[in-house]
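K.L.:
here is my input; please provide its structure:
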Amino acid sequence: MRLAALVFDRAAEGVMVTDTEQQILTVNDAFSTLTGCTRQDVVGKKPSLLRSEKMPPAFYAEMWDKVNRVGVWQGEIWNRRKNGEPYLEWLSINTVKDKSGKVVNYVGMFSDITKVRESQQRIEYLATHDELTGLPNRALFNDRLHLALARADRSRESIGVVFIDLDNFKMVNDTLGHETGDKLLRQAAVRLLDCVRGEDTVARLGGDEFVVLLVAADREQATVTAERLLIALSASYQFDEHECFISASIGLSMFPEDAADANSLMRNADAAMYRAKDHGKNGFRFFSADLASQAGKRLALETGLRRAIDTGSYSSIISRRSGWKAIPWSVPRLWYVGPTTVRSSNRWYSFRSPSKAI
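P.N.:
All right, here's what the predicted structure looks like:
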């Protein structure tokens, strides 16, 4: 009996013992620590004094029905401490019977799992959201895009994918620091949300790239949204003693006109965004058929340049510092800029590689 009493008092879990009328007979020290209630506060009263408003009456009816039928119940339950603070606990209720099989006591054992649940929820949240801005991340956006496409296909509606790249963000980051850059990204995220409807989705893909899903939106509505986005993002950003301005390059791709699947819509919106950048930034472009071939050429160009630089085959890109020549595979004209940088049309390509003169 002394050992049982010692275990009762030293247990890490809170323990409560009641009679068959659910009158509390005793509690242990851990109970007082977890709830803030002393023995004097609860003995002679019912466990319902700890109930929170988070659990409906039907929950308790089902719980006690199972205790009476099976003799045991366990699960999560929201209760409240003496100061009124709600907390989540893992509770086990067991019946105690005498030699004749008659129930004489109920014993409840519980532990506070509030912090555990908060950690789990945090992990789940970060799996689907961007930590900096709180916006959905690429994974959640892709899920919503696939669902939207399925609905749009059934209802014969249009949807739009809007790629957004912040112009000159790197300059802000390099000049004012990453902390200011993060503040700008958070402000930009708020502005993006203010420009779309509740049923639309704004996500951050990473860095200074965002994407918007416009559901049940035609080309005209997408145009209005793009114009609204440009105005919002180009307004002044205030950071204590600093003020800065940026702009955005925006590309749009529409279902079903431009593509019939999620990957193609994303790829086409990205290509249209690069077209907007090539035309001076601070603007938007819709995807068009000629962009598809240009995107393929750009990919071939970048892959070929990367391969040539990685293998040191600079002669296959540019013959001499004094001029240019077309490389063996079909790409636009190239100009020498430096050992790891070349220019094609209006786009610049920079690569990391060992320093080597051409």
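
K.L.:
beta partners of residue 247?
P.N.:
Residue 247 forms beta bridges with residue 167, as assigned by DSSP bridges.

K.L.:
tell me where the stretch 51-200 of the chain has helices.
P.N.:
Under the criterion DSSP state H, counting those that start in this stretch, the stretch 51-200 of the chain contains helices at 57-70, 114-128, 138-155, 169-176, 178-194.

K.L.:
deepest-packed of these, please.
P.N.:
Of all the helices of the stretch 51-200 of the chain, helix 178-194 has the most neighbours on average by mean count of other Cβ atoms under 10 Å, namely a mean of 17. Every residue, glycine included, has its C-beta placed from N, CA and C.

K.L.:
neighbours of the closest residue to residue 15 other than its chain neighbours, just the number please.
P.N.:
With sequence-adjacent residues excluded and distances taken as Cβ to Cβ, 6 or more residues apart in numbering, residue 15 is closest to residue 28, at 4.4 Å. For residue 28, the neighbour count with other Cβ atoms under 10 Å is 22.

K.L.:
picking up where we left off before, Throw the helices of the stretch 51-200 of the chain into TSV and include distance to residue 279, thanks.
P.N.:
Output for the helices of the stretch 51-200 of the chain, formatted as TSV (distance: least, Cβ to Cβ, whole Å):
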stretch	distance to residue 279
helix 57-70	61
helix 114-128	35
helix 138-155	26
helix 169-176	19
helix 178-194	22
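
K.L.:
mind checking how far the residue nearest to residue 15 is from residue 11?
P.N.:
6 Å (Cβ to Cβ, to the nearest Å).

K.L.:
ok, residue 45 next?
P.N.:
Taken as Cβ to Cβ, the span from residue 45 to residue 11 is 21 Å.

K.L.:
repeat that for residue 247.
P.N.:
Residue 247 sits 63 Å away from residue 11, going by Cβ to Cβ.

K.L.:
and what of residue 113?
P.N.:
Distance from residue 113 to residue 11, counting by Cβ to Cβ: 16 Å.

K.L.:
for residue 46, same thing?
P.N.:
22 Å.

K.L.:
can you tell me the element residue 291 falls in?
P.N.:
Secondary structure from DSSP states H and E places residue 291 in helix 289-310.

K.L.:
ok, residue 130 touching residue 136?
P.N.:
Yes: shown here, residue 130 and residue 136 form a contact pair, counting by Cβ atoms under 8 Å, at 7.3 Å.

K.L.:
quick check: neighbours shared by these two?
P.N.:
203, 204 (Cβ atoms under 8 Å, 6 or more residues apart in numbering).

K.L.:
what sits against the most centrally placed residue in the chain?
P.N.:
Nearest residue to the geometric centre of the chain (Cα atoms, centre = their mean): residue 129, 0.6 Å. Residues near residue 129 by Cβ under 8 Å, 6+ apart: 135, 136, 137, 140.

K.L.:
swap in residue 26?
P.N.:
16, 17, 39, 43.

K.L.:
phi, psi of the second one?
P.N.:
Note on residue 17: its backbone torsions stand at phi -120, psi 130 [degrees, to the nearest 10].

K.L.:
my guess is it meets residue 109, correct?
P.N.:
No: contact status for residue 17 versus residue 109: not in contact, 10.0 Å apart, counting by Cβ under 8 Å.

K.L.:
ok, those two, which is more surrounded?
P.N.:
A count of neighbours by other Cβ under 10 Å puts residue 109 above the other of residue 17 and residue 109, at 20 against 16.

K.L.:
look up how far residue 78 lies from that one.
P.N.:
17 Å.

K.L.:
what's the answer for residue 222, then?
P.N.:
Distance from residue 222 to residue 78, by Cβ to Cβ: 45 Å.

K.L.:
and these two? Which one has more around it.
P.N.:
Using other Cβ under 10 Å as the criterion, residue 222 and residue 78 rank with residue 222 on top: 23 against 16.

K.L.:
for that one, give me its contacts.
P.N.:
By Cβ under 8 Å, 6+ apart, the contact list for residue 222 reads 160, 162, 214, 252, 254, 286.

K.L.:
before we move on, the earlier item: out of the contacts of residue 129, name the ones that lie in strands.
P.N.:
In strands, defined here by DSSP state E, there are no members of those.

K.L.:
which one of these is nearest residue 168?
P.N.:
residue 135 (21.1 Å; Cβ to Cβ).

K.L.:
what's the burial count for that closest one?
P.N.:
23.

K.L.:
with residue 262 instead?
P.N.:
If we define neighbours as other Cβ under 10 Å, then residue 262 has 18 of them.

K.L.:
OK, contacts around it?
P.N.:
Residues near residue 262 by Cβ under 8 Å, 6+ apart: 142, 145, 146, 149.
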